[in-house]
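Enquirer: whatever this is, show me its structure:
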Amino acid sequence: MSATEILLPVRDYDLAATLDSGQVFRWRRNGNAWDGVVGKQFFRLTQTKQGIHARAAAPVVNWDRLREFLQTDTDLAAILKTFPDDPPMRAAVAACPGLRLLRQEPWECLASFILSSTKQIVQIRQIVSLLCERFGERLAPPPDSAHASHAFPSPERIAAASEAELRDCKMGFRAPSLLNAARFVAGSQLDLERIRALDYAAARAELMTLRGVGGKIADCVLLFAYGFDSAFPVDVWIERALQELYFPRRRASEKRLRQMAATHFGPHAGYAQQYLFHYMRTRRG
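Expert: From the prediction side, this is the model:
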């Protein structure tokens, strides 16, 4: 194909479920396709019988970043075999066939999940969209797109903004936390690349030194940006899933739920978590 189009062969991949499962907040459905940005490139992705067709707004020299983002080379069948063989997990896998974990850019992932605190997905999307429109570099969309596209703003750009400007993006009390994180990253007080070389516990502790970053946000970043598959983010949806699916007749303590999250789901626990998360969301409508 041309320098602006490629077919990424892949089987057992549900593009819609993957992009709409709460991992990322910048992808928009466009008919039977999905529009979004990876790095500084606008893409339109379409699921086909052969795989995922990608169309870029500008010529692409190397498609490896998109492959990495979509994780098309992941052996999903091998991961699913590591899940516990119990009725709730089987039900979640059956309800979400082809659900994948993406591999995001660390800064965008960190900033997005700082903005996610106590917000529903539709609200997070609105906040992130405003942030990108006001502070991100404008990108060229495909000629037939009605929407302008923007890169995610760099930590340096956000660090230069005022708290009031960030609050204008409807992020409320999250603005100081985002500003603090941007200043730490821009000032090299937090090296996001160095985290790749740490073990899970050390990486989690490093992220949690940031204002507004607790265990759940740190685990989301480690899972979705760095590929720490043992990270198991626990939020309201997951607590509800564990309670309803595994303890339907008695209420388990928060300590018991977190112990289960840490021990029950195997080496790819984070993958299992995403199946449970999306299963509960879709089951509840």
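
Enquirer: how about the strands in the stretch 51-200 of the chain?
Expert: In the stretch 51-200 of the chain, the strands defined using DSSP state E, counting those that start in this stretch lie at 51-56, 138-139, 149-150.

Enquirer: point out the most buried one among those.
Expert: Stretch with highest mean neighbour count among those: strand 149-150 (a mean of 22; mean count of other Cβ atoms under 10 Å). All C-beta spots, glycine's among them, are computed from the backbone N, C-alpha and C.

Enquirer: if we can go back for a sec, okay if I get the strands of the stretch 51-200 of the chain as TSV plus mean pLDDT?
Expert: Output for the strands of the stretch 51-200 of the chain, formatted as TSV (pLDDT from 0 to 100):
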stretch	mean pLDDT
strand 51-56	96
strand 138-139	92
strand 149-150	90
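
Enquirer: how is this protein divided into domains?
Expert: By the assignment in automatic domain parsing, the chain contains the domains 5-73, 76-96+227-285, 106-221.

Enquirer: related to what we said a few turns ago, save the strands of the stretch 51-200 of the chain as TSV, and put in distance to Arg28 too.
Expert: Below are the strands of the stretch 51-200 of the chain laid out as TSV (distance: least, Cβ to Cβ, whole Å):
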stretch	distance to Arg28
strand 51-56	15
strand 138-139	14
strand 149-150	10
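
Enquirer: quick one: closest of those strands to Arg250.
Expert: strand 51-56 (43.7 Å; Cβ to Cβ).

Enquirer: and the closest one, what other elements does it pack with?
Expert: With contacts taken as 3 or more Cβ pairs under 8 Å, 6 or more residues apart in numbering; DSSP states H and E, strand 51-56 sits against strand 5-9, strand 41-47.

Enquirer: so where do the helices sit in the stretch 51-200 of the chain?
Expert: Using DSSP state H, counting those that start in this stretch, the helices assigned to the stretch 51-200 of the chain run over residues 64-70, 76-80, 87-95, 106-114, 121-135, 155-159, 163-167, 175-186, 200-207.

Enquirer: from these, which stretch is densest packed?
Expert: With neighbours taken as mean count of other Cβ under 10 Å, those reach their highest mean count in helix 106-114, at a mean of 24.

Enquirer: which helices and strands sit right next to that one?
Expert: Using 3+ Cβ pairs under 8 Å, 6+ apart: helix 106-114 touches helix 121-135, helix 155-159, helix 175-186, helix 215-224.

Enquirer: how about the CA coordinates for that helix, as CSV?
Expert: C-alpha atoms of helix 106-114 as CSV (Å, rounded to 0.1, in the frame of the first residue of the first chain):
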residue,chain,number,x,y,z
PRO,A,106,3.7,7.3,29.0
TRP,A,107,3.2,11.0,29.3
GLU,A,108,-0.2,11.0,27.6
CYS,A,109,-1.3,8.0,29.6
LEU,A,110,-0.2,9.5,32.9
ALA,A,111,-1.8,12.9,32.2
SER,A,112,-5.0,11.3,31.0
PHE,A,113,-5.4,9.1,34.1
ILE,A,114,-4.6,12.0,36.4
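
Enquirer: taking helix 175-186 as reference, get the angle to it.
Expert: Helix 106-114 and helix 175-186 are oriented at 160 degrees to each other (axes from the mean of the first three to the mean of the last three Cα atoms, to 10 degrees).

Enquirer: which residues are in contact with helix 106-114?
Expert: Residues outside helix 106-114 that contact it (Cβ atoms under 8 Å, 6 or more residues apart in numbering): 24-25, 124, 128, 131, 152, 154-155, 158, 174, 177-178, 181-182, 185, 192-193, 195, 207, 210, 212-213, 217, 220-221, 224-226.

Enquirer: identify the residues contacting stretch 61-69?
Expert: Here stretch 61-69 has contacts from 3, 6, 8, 38-39, 41, 43, 54, 60, 73, 102-104, using Cβ under 8 Å, 6+ apart.

Enquirer: pLDDT value on the residue lying closest to Val38 once chain neighbours are set aside, please?
Expert: Excluding its sequence neighbours, the residue lying closest to Val38 (Cβ to Cβ, 6 or more residues apart in numbering) is Phe69, at 5.0 Å. As predicted, Phe69 sits at a pLDDT of 98.

Enquirer: likewise for Gln104?
Expert: 98.
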